[in-house]
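Trainee: no sequence for this one, just the structure:
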């Protein structure tokens, strides 16, 4: 379990996060929603130990996160950012192998190589293996980083669970990749991994999330199941838009139509 | 081991260039003389005798000089590879970001001020203070350039080059002033400080530069994994369990140690650290382990070749080696800049 307790964060005098508390369970796909500037990415950066000067606490499996946990945390927590600034000619395999860096000292072991092979196989990327990363399409690049994150948290730890944090992972992907990524996220969650994603598309949230945290002006304004969180009144208060929720008979989830 | 064959070729190339360079010069040294001298140095007693002057020329002048070339070439090139990974930019090299110029100033300060002001330092103390001072000023210059050109973990190439120009100018004017007021004939030679030379090579300098360079390269190899992760950006390197701030400081220290020691012995030699890693990138790999090992080997080859040229071109006179490396290196630098410009349009340095 991943717990956020009374986390506040300031930049200068501006309060970016205001006593945020919530918790994320293994087996669930949790999504953080909210308008631009509501503190979603900041919260994810605090959870992932990237930002440090916050008040309150983050705990992974009951243990409070401290600044010096870089290397031990990296063995069971992977982060996938919106886009990576990698601009050097590495092969797909080399990028995925970076996910194994927390697990070996100088040279990868046979086991690390095996994990990379398995992950590439599972994501249907074996044919891209020796291709130059820079020549890939946007979707393939992001999928390579997804594979890197999977390789990083492949092993089930002796105690506690694994964590996958996704910061707007699908923002620049086409429809097909968006659904592929979220399907994979669901699959991972069912493997006892805590999955937390920052996401903008509320319909995708309705379709794929088990649990949604809505942030507005740095405060949690809703924290519940998708259909309880995403309501016309919440959309109005967060975005100032009128909306309707449509239910259809043969869909297990509702559809949100905005600005109507 | 996919890079094995490349390492093998470079290794053979290094041996060939070392042999050619030992033989070349105002007086030829034959392979027979080389083998017999080496055998004698190893304590063997070969049946045939050779000319003592030829043996002295080989053992006391050519051999230390060529070995110093190999060490300095390897050190500067590995430094280039490290700085390029740290700045995440392939146009960085120690001559550009102030490391070399700062080290030269630090060395000149002790060389000149030490002798002029404090009159006589004891030889042992002097030999220690010189590289230390080179290290301190080299590190200071590099830190200034790095701090001023990076904001929030991102380095702006344009700012870096401009800050580099300023820091280099200050360091060079300081070195120029020192060489102007110096009494020592070698320190008076501004070409020594700005264009470098291997003519002063002797065994103590080979031991010093060789040992420091070897230790630093081995240390750099330990960082190659972390440097690869840094290619993803500082944030993502952090997610992979690496402390970017610690890593950067260690890299800067290792790098400055190599450059400062080399510069305090042979002066400023530009462009080697730039072109060597870049030539290796033609093999389409950015793996830092490959770049570090490859740079050490190829840097040794190119520096030995450049030194050979500087001795042969105007024989029996000697050209400052910096003239040769700049003449070859500057056009390559421009070519890389052009490639980078067109690469940026396509979304990457090498796209």
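Mentor: Thanks, I have it. Worth saying up front: this structure is predicted, and the values here are computed from it rather than measured.
Trainee: residues contacting the closest residue to chain A within the stretch 151-300 of chain B?
Mentor: Taking C-beta to the nearest C-beta as the measure, the stretch 151-300 of chain B has residue B:241 as its residue closest to chain A, at 2.9 Å. Glycine gets a C-beta too; all of them are placed from N, C-alpha and C. Residues touching residue B:241, when contacts are defined by C-beta atoms under 8 Å, 6 or more residues apart in numbering or on different chains, comprise A:70-75, A:101-102.
Trainee: name the SS class of it, please.
Mentor: Using DSSP: H, G, I helix; E, B strand; the rest coil, the structure places residue B:241 in coil.
Trainee: mind checking how far it is from residue B:50?
Mentor: Note on residue B:241: its distance to residue B:50, by C-beta to C-beta, to the nearest Å, is 59 Å.
Trainee: mind checking which of the contacts of residue B:241 are buried?
Mentor: Neighbour-count burial within the contacts of residue B:241 applies to A:70, A:73-75, A:101-102; the criterion is 16 or more other C-beta atoms under 10 Å in any protein chain shown.
Trainee: all strands of the chain, in order?
Mentor: Just so you know, I chose chain A. With DSSP state E as the definition, chain A shows strands at residue ranges A:2-11, A:14-24, A:29-33, A:55-60, A:63-64, A:77-80, A:162-167, A:193-198, A:211-216, A:219-224, A:243-246, A:255-258.
Trainee: meant chain B actually
Mentor: Counting by DSSP E, one finds strands in chain B at the ranges B:150-151, B:154-155.
Trainee: the ones you listed: lowest mean pLDDT?
Mentor: Per-segment mean pLDDT for those reaches its minimum on strand B:154-155, at a mean of 68.
Trainee: residues contacting the most centrally placed residue in chain B?
Mentor: Central residue of chain B (C-alpha atoms, centre = their mean): residue B:76, 2.1 Å from the mean position. For residue B:76, the contact set (C-beta under 8 Å, 6+ apart) comprises B:93-94, B:258-259, B:262, B:269, B:272-273, B:276, B:299, B:303.
Trainee: 10 Å instead, please
Mentor: Taking C-beta atoms under 10 Å, 6 or more residues apart in numbering or on different chains as the criterion, residue B:76 is in contact with B:93-95, B:99-100, B:213, B:258-259, B:262-263, B:266, B:269-274, B:276, B:295, B:299, B:302-303, B:325.
Trainee: identify the farthest-apart pair in the buried ones among the contacts of residue B:241.
Mentor: A:73 and A:101 (13.3 Å; C-beta to C-beta).
Trainee: residues contacting residue 159?
Mentor: As the question left the chain open, I've gone with chain A. Counting by C-beta under 10 Å, 6+ apart, residue A:159 touches A:61-63.
Trainee: looking at chain B here, not the other one
Mentor: Applying C-beta under 10 Å, 6+ apart, we find residue B:159 in contact with B:145, B:148-151.
Trainee: now render the residues you listed as a markdown table, adding distance to chain A and neighbour count.
Mentor: Rendered in a markdown table, the data for these read as follows (distance: C-beta to the nearest C-beta, whole Å; neighbours: other C-beta atoms under 10 Å in any protein chain shown):
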| residue | distance to chain A | neighbour count |
| --- | --- | --- |
| B:145 | 21 | 29 |
| B:148 | 21 | 16 |
| B:149 | 17 | 22 |
| B:150 | 14 | 18 |
| B:151 | 15 | 10 |
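Trainee: with distance to residue A:140 added, can I get the residues you listed in CSV?
Mentor: Rendered in CSV, the data for the contacts of residue B:159 read as follows (distance: C-beta to C-beta, whole Å):
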residue, distance to residue A:140
B:145, 36
B:148, 37
B:149, 33
B:150, 30
B:151, 31
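Trainee: quick check, nearest of those to residue B:197?
Mentor: Closest approach between those and residue B:197, by C-beta to C-beta: residue B:145, at 25.8 Å.
Trainee: just to check, that closest one is in contact with residue B:87?
Mentor: Yes. Contact status for residue B:145 versus residue B:87: in contact at 9.2 Å, counting by C-beta atoms under 10 Å.
Trainee: any idea of the pLDDT on residue B:14?
Mentor: Model confidence at residue B:14 (pLDDT) stands at 94.
Trainee: contacting residues for it?
Mentor: Each residue near residue B:14 by C-beta under 10 Å, 6+ apart is listed here: B:70, B:73-74, B:296-302, B:304.
Trainee: for it, give its distance to residue B:296.
Mentor: Residue B:14 sits 9 Å away from residue B:296 when distances are taken as C-beta to C-beta.
Trainee: got it, and residue B:202?
Mentor: 23 Å.
Trainee: between the two, who's got more neighbours?
Mentor: Legend: neighbour count by other C-beta atoms under 10 Å in any protein chain shown for residue B:202 and residue B:296, higher for residue B:296 (26 against 13).
Trainee: and the gap between residue A:108 and residue B:43?
Mentor: Look at residue A:108 and residue B:43: by C-beta to C-beta, they are 44 Å apart.
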